[in-house]
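Novice: Provide a 3D model corresponding to the input given below.
(2 chains)
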Amino acid sequence: MAVPAEHHRAHPGPGEYIKIAVILAVITLVEVAVYYVPSLSGALTPILMVLSTIKFSMVVLWFMHLKFDSVLFSYLFVGGLGIAGAVLIALLFLFGASHTIVPGAA
Amino acid sequence: MQHAHPAAHAPEHETTTGLDHRKLLMWAFLGSDCLLFGALISTYMIYRGRSLAGPFPNGPEGVFDIPFTSVSAFVLLMSSLTMVLALAASQRGHIRGMRVWLIATALLGTVFLGGQFFEFTAFVAEGLTPATNVFGTSFFTLTGFHGAHVTLGVIILLSLVVVSLRGGLPKEESLTVEIAGLYWHFVDIVWIVIFTLVYLIPAPLPPHAG
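Specialist: Predicted coordinates:
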């Protein structure tokens, strides 16, 4: 059975890589800064999750070239990542009740 | 300034997918490695606030040193830049530049590992070992596995440098550098997740903890 050959676009050059790295560094700075702002403590988790997701995506799309390479690579990676995320969410629901088991407690 | 490169690496042998099997295998491995780290991160998230006795991740008895870990995270992030610059040099046939960037990446990885060793020893000095409480067990297991991945990555990078010095890794074999780079970037993205979920998002404190 014939399968379409690899179709992908040109990889970026060093200039674009450096731009991406600068953005990643700035996001990391913002993450740490947000951690130390007391007024943002209520929204800390969602803010950090969004920033972390942006960093993760940028590394995967540009540095790992998923944005430019064959979609089959994306299927392989996102498939594993999706199952891992589903396992994480399922386990947190199953065991995530905010209580501590104290010996001797009824 | 844009220096575009043809991303296509025609496989040396014909394959059913038209893709190089080595690169396909690496992506399949990385997809499966997501499951390993997903399990370890899940375990940490479940247990981190359930220790009966300290030390705890944060709070009055917290052990985390956020400024120090932030620098470590930054170092590993920048190692991804040097890695991709090594690949760009390899694709251009700049073999000397490739070696320099590979060595820089290995050095940054080693700095990260040194920071992790320092952090571990500091935690042990504060009374947190893998046997102290469930936070310690799950924390050391998760970050230890990540450290093992970084260590393997450094070995792979230095191996590439040695192969290159022996006349290997010409421009035509830049795919080998790209595959090693995929592994290295994966190690970086795992730390992006760990840095946020483990270090920056505060763990709930047990009711009896100060």
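
Novice: just give me the longest helix of chain A.
Specialist: Looking across chain A with DSSP state H, the single longest helix is helix A:71-95.

Novice: output the contacting helices and strands for that helix.
Specialist: With contacts defined as 3 or more C-beta pairs under 8 Å, 6 or more residues apart in numbering or on different chains; DSSP states H and E, the packing partners of helix A:71-95 are helix B:21-47. (Glycine included, C-beta is placed from N, CA and C.)

Novice: list the buried residues in the following helix or strand past the helix it packs on.
Specialist: Later in the chain than helix B:21-47, the nearest helix or strand by DSSP states H and E is helix B:66-92. Neighbour counts over helix B:66-92 (16 or more other C-beta atoms under 10 Å in any protein chain shown) mark B:66, B:69-92 as buried.

Novice: stretch A:35-52 now?
Specialist: Judged by neighbour count using 16+ other C-beta under 10 Å, the buried positions of stretch A:35-52 are A:35, A:44, A:47, A:48, A:51, A:52.

Novice: now the longest helix of chain A, how far from the centre of its chain.
Specialist: 11 Å (C-alpha atoms, centre = their mean, to the nearest Å).

Novice: buried set for stretch B:30-37?
Specialist: B:30, B:31, B:33, B:34, B:37.

Novice: grab the two from these that are most spread out in space.
Specialist: Farthest pair in those (C-beta to C-beta) is B:31 and B:37. Separation: 11.4 Å.

Novice: can you list the domains in chain A?
Specialist: Domain assignment for chain A by automatic domain parsing gives A:11-65, A:69-96.

Novice: got those domains as TSV, with mean pLDDT and distance to residue B:171 columns?
Specialist: As requested, the domains of chain A are exported to TSV (pLDDT from 0 to 100; distance: least, C-beta to C-beta, whole Å):
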stretch	mean pLDDT	distance to residue B:171
domain A:11-65	95	14
domain A:69-96	93	19
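
Novice: output those as JSON lines; include the columns distance to residue B:199.
Specialist: Converted to JSON lines, the domains of chain A look like this (distance: least, C-beta to C-beta, whole Å):
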{"stretch": "domain A:11-65", "distance to residue B:199": "9"}
{"stretch": "domain A:69-96", "distance to residue B:199": "17"}
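
Novice: which one of the ones you listed lies closest to residue B:55?
Specialist: Comparing the domains of chain A by C-beta to C-beta, domain A:11-65 comes nearest, at 19.4 Å.

Novice: so residue B:192 makes contact with residue A:52?
Specialist: Yes. The pair residue B:192 and residue A:52 qualifies as a contact (C-beta atoms under 8 Å) at a distance of 5.8 Å.

Novice: returning to what we had before: between the domains of chain A, which one is closest to residue B:126.
Specialist: So among these, domain A:11-65 is nearest, using C-beta to C-beta, at 20.6 Å.

Novice: so what's the spatially most central residue of chain B up against?
Specialist: Geometric centre of chain B, nearest residue: residue B:187, 2.5 Å, by C-alpha atoms, centre = their mean. If you count contacts by C-beta atoms under 8 Å, 6 or more residues apart in numbering or on different chains, residue B:187 has them with B:76, B:146, B:149, B:150, B:153.

Novice: just those now: which is nearest residue B:106?
Specialist: Distances from residue B:106 to the contacts of residue B:187, taken by C-beta to C-beta, are shortest for residue B:153, at 8.3 Å.

Novice: show me what secondary structure element comes after the helix or strand hosting that closest one.
Specialist: Per DSSP H and E, residue B:153 falls inside helix B:134-165. For helix B:134-165, the succeeding helix or strand toward the C-terminus, using DSSP H and E, is helix B:174-194.

Novice: next, count neighbours for residue B:143.
Specialist: Residues lying near residue B:143 (other C-beta atoms under 10 Å in any protein chain shown) number 20.

Novice: wouldn't it be in contact with residue B:195 here?
Specialist: No. Using C-beta under 8 Å, residue B:143 makes no contact with residue B:195, being 10.5 Å away.

Novice: contacts only, for residue 28.
Specialist: Let's take chain A. A:55, B:70, B:73, B:74, B:77.

Novice: was after chain B, sorry
Specialist: residue A:76 are the contacts of residue B:28 under C-beta under 8 Å, 6+ apart.

Novice: now do the SS call for residue B:131.
Specialist: At residue B:131 the chain is in coil, as set by DSSP: H, G, I helix; E, B strand; the rest coil.

Novice: my read is that it contacts residue B:137, right?
Specialist: Yes. If you go by C-beta under 8 Å, residue B:131 and residue B:137 touch, sitting 7.2 Å apart.

Novice: more crowded one of those two?
Specialist: Taking neighbours as other C-beta under 10 Å, residue B:131 and residue B:137 compare with residue B:137 leading, 17 against 8.

Novice: on that earlier part again, buried sites along the longest helix of chain A?
Specialist: Buried residues in helix A:71-95, counted by 16+ other C-beta under 10 Å: A:72, A:73, A:76, A:77, A:78, A:80, A:81, A:84, A:87, A:88, A:91.
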